[in-house]
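Q: for reference, the sequence and a predicted model appear below.
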Amino acid sequence: MNPIKLALTYLRIGVLNEMQYRINFFIQLLQSFISVATGLIGLSLVFGQVNTLAGWSRSELLAVMGVHLLMGGVIRSIIQPNMERLMDDVRNGTLDFALTKPADAQTLVSVREFRFWQLVDVIVGMVVISIAFVQLKGTLGILQLLGFLAALIMGGVMLYCVWLMVTSISFWVIRVHEISNLFEGLYAAGRWPVGIYPDWLRTGLTFLVPVAFAVTVPAEALTNRLSGTSLLFALGMTLLFVILSRGLWRLGLSNYSGASS
């Protein structure tokens, strides 16, 4: 089965399901507003004391916050719902329903759920990025835009791979939700550039939970900080995470017994 057609089919179903509960739009809008307000208060407190933070200006950090909101919307609308459902399926032995379908199992379990209203965060993030860019008084060249989009896509792929690897642990360990909660806590650190953190935390946010590639690197592209070398390194890391996540997923499947056994 064509993966794109499969994803679009589930996307349509997800949108139709979400449209039944339109009050969720206003709830999500309120949550997004609170996130933006909290971020702006944090920026005001920091820049009430200093002019720059690790070389980043206030407008540049606003761009980081926008990317963080945008990527968070992607995670909560597409990645997290599917991984949480996968955890439940493995625990309850109902993953058989996906494995017996005529499609790649990893693709299928990655597109079954879609939280449409969570895309409010994506839109709000784009608005914040636009405001930051206007404040920076920059011009968005084609190479800069392509670098930003490439970094954003690679960062999203890496975060998906990390979620898949964490979820695949559920084939051996029952209580995996606590690990996913840890991931959410680490992702919250991405509201600020990873360069402001100590070396040990910066390393973890770069190579273990690649928040640096998902948030800081795209923001660097918007603020003319991103080099071609960094982009190539991000590509290499993306390929590595894809290989590792696919391998762990297949290893987990080999240990899955299911409800039919």
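A: Thanks, I have the structure now.

Q: ok, Pro81 - contacts?
A: Residues counted as contacts of Pro81 (CB atoms under 8 Å, 6 or more residues apart in numbering) are Glu113, Phe114, Arg115. Where you see a C-beta, it was placed from the backbone N, CA and C, and this is true even at glycine.

Q: if you count neighbours, what's buried in the helix or strand it falls within?
A: Secondary structure from DSSP states H and E places Pro81 in helix 80-92. Across helix 80-92, burial judged by 16 or more other CB atoms under 10 Å covers Gln80, Pro81, Asn82, Met83, Glu84, Arg85, Leu86, Met87, Asp89, Val90.

Q: and for stretch 193-205?
A: Quick answer for stretch 193-205 (16+ other CB under 10 Å): Pro193, Val194, Ile196, Tyr197, Arg202, Gly204, Leu205.

Q: just the CA trace of stretch 92-106, in PDB.
A: These are the backbone C-alpha positions of stretch 92-106, laid out as PDB (Å, rounded to 0.1, in the frame of the first residue of the first chain):
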ATOM      1  CA  ASN A  92      -2.800  -4.900  25.700                       C
ATOM      2  CA  GLY A  93      -1.700  -7.300  22.900                       C
ATOM      3  CA  THR A  94      -3.800  -5.500  20.300                       C
ATOM      4  CA  LEU A  95      -0.900  -4.600  18.000                       C
ATOM      5  CA  ASP A  96      -2.000  -7.700  15.900                       C
ATOM      6  CA  PHE A  97      -4.600  -5.600  14.200                       C
ATOM      7  CA  ALA A  98      -1.900  -3.400  12.700                       C
ATOM      8  CA  LEU A  99       0.500  -6.200  12.000                       C
ATOM      9  CA  THR A 100      -2.000  -8.100   9.900                       C
ATOM     10  CA  LYS A 101      -2.700  -5.200   7.600                       C
ATOM     11  CA  PRO A 102      -1.200  -5.200   4.100                       C
ATOM     12  CA  ALA A 103       1.200  -2.300   4.800                       C
ATOM     13  CA  ASP A 104       4.500  -1.700   6.500                       C
ATOM     14  CA  ALA A 105       3.800  -2.000  10.200                       C
ATOM     15  CA  GLN A 106       6.000   0.900  11.200                       C
END
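
Q: from the chain's centroid, how far away is it?
A: From the chain centre to the centre of stretch 92-106 is a distance of 24 Å (CA atoms, centre = their mean, to the nearest Å).

Q: just for the protein, where's the confidence low?
A: Along the chain, segments meeting pLDDT under 70 span 1, 139, 180, 258-261.

Q: which stretches in it count as helices?
A: Under the criterion DSSP state H, the chain contains helices at 3-18, 23-47, 58-74, 80-92, 96-99, 105-111, 119-136, 142-168, 177-188, 199-203, 211, 217-222, 228-254.

Q: got a ChimeraX select line for the buried ones in the contacts of Pro81?
A: The buried subset of these, as determined by 16+ other CB under 10 Å, is captured in ChimeraX by this line:
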select :113,114,115
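
Q: identify, from the contacts of Pro81, the entry nearest to Arg58.
A: Checking the contacts of Pro81 against Arg58 with CB to CB, the nearest one is Arg115 at 31.8 Å.

Q: is it true that that closest one touches Ile79?
A: No: Arg115 is beyond contact range of Ile79, at 10.2 Å (criterion: CB atoms under 8 Å).

Q: next, count neighbours for Thr9.
A: 13 (other CB atoms under 10 Å).
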